[in-house]
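Chemist: Predicted model follows, preceded by the sequence.
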Amino acid sequence: MGFFSRLFQPRADGLAAPEDWTSLPASEASALVLYDEEASRLLAAFDIEAAIVMHERWLPWLAQALAGARDEQLRPETVVDDTCSELGRWLHGSGRVALGHFPAFDMLMRRHQYFHHQAAVLLTHLAEGDQLRAEQAFKSCQHASRQVVLLLKELQRGLGHGKRPPSRWPQVNAEMRY
């Protein structure tokens, strides 16, 4: 409740919102919408579909750890660094160069970092034998992951969802973890 009340304050003058309050002036269109050449260039350099697939592989992997499976690659000190994933390396590298000027990019970056932080917290709790807190951290991972995917899909929609050039990302297969 407090979050929305801070975002949607009543008007100080007490007047009702204007009739067209839901429409934005053309100058304030979506921060993620790109056009033609710029969209083509970004889509050539980054396959969003592959990024989504690769990111979505984290949750089943973490769920296996939560269920008791051990994997040496899943160490809190590694996972907490969001550049341990392909998406994270892209976000910190060419993604920042290409999209860093868009306000939504920072939100995507923060959500991705939060996901990795919560994954590390989950693994730490598992190592300590605290299953209940690990399960709570897993729920936070699920929530953050959904937000990352949603932001990536919004980015994809903003870039244009026509045919994409061939991917420069590695082929996704069952053995790839991150």
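Modeler: Done, it's in. Numbers count the residues shown, from 1 in each chain.

Chemist: Which of the three states applies to G68?
Modeler: Here G68 takes the coil state, with states given by DSSP: H, G, I helix; E, B strand; the rest coil.

Chemist: Quick one: low-confidence residue ranges for this protein.
Modeler: 1-45, 159-178 (pLDDT under 70).

Chemist: Do you have the helices of it handy? List them.
Modeler: 2-7, 36-45, 48-56, 58-66, 76-79, 86-92, 94-99, 103-127, 131-159 (DSSP state H).

Chemist: want to throw those helices into JSON lines with mean neighbour count?
Modeler: C-beta: built from backbone N, CA, C; applies to glycine. JSON lines is the format used below for these (neighbours: other C-beta atoms under 10 Å):
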{"stretch": "helix 2-7", "mean neighbour count": "7"}
{"stretch": "helix 36-45", "mean neighbour count": "14"}
{"stretch": "helix 48-56", "mean neighbour count": "18"}
{"stretch": "helix 58-66", "mean neighbour count": "17"}
{"stretch": "helix 76-79", "mean neighbour count": "17"}
{"stretch": "helix 86-92", "mean neighbour count": "19"}
{"stretch": "helix 94-99", "mean neighbour count": "16"}
{"stretch": "helix 103-127", "mean neighbour count": "20"}
{"stretch": "helix 131-159", "mean neighbour count": "17"}
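
Chemist: who's in contact with the residue nearest to R133 when sequence neighbours are not counted?
Modeler: Spatial nearest neighbour of R133, chain neighbours left out: H125 (4.3 Å); criterion: C-beta to C-beta, 6 or more residues apart in numbering. By C-beta atoms under 8 Å, 6 or more residues apart in numbering, the residues touching H125 are Q131, R133, A134, A137.

Chemist: from these, which is closest to V121?
Modeler: For the contacts of H125, the residue nearest V121 by C-beta to C-beta is A137; the value is 4.4 Å.

Chemist: Check the spacing between the nearest residue to L91 once chain neighbours are set aside and E135 real quick.
Modeler: Ranked by C-beta to C-beta, 6+ apart and with sequence neighbours excluded, the top spatial neighbour of L91 is M109, at 5.4 Å. From M109 across to E135, the span is 27 Å (C-beta to C-beta, to the nearest Å).
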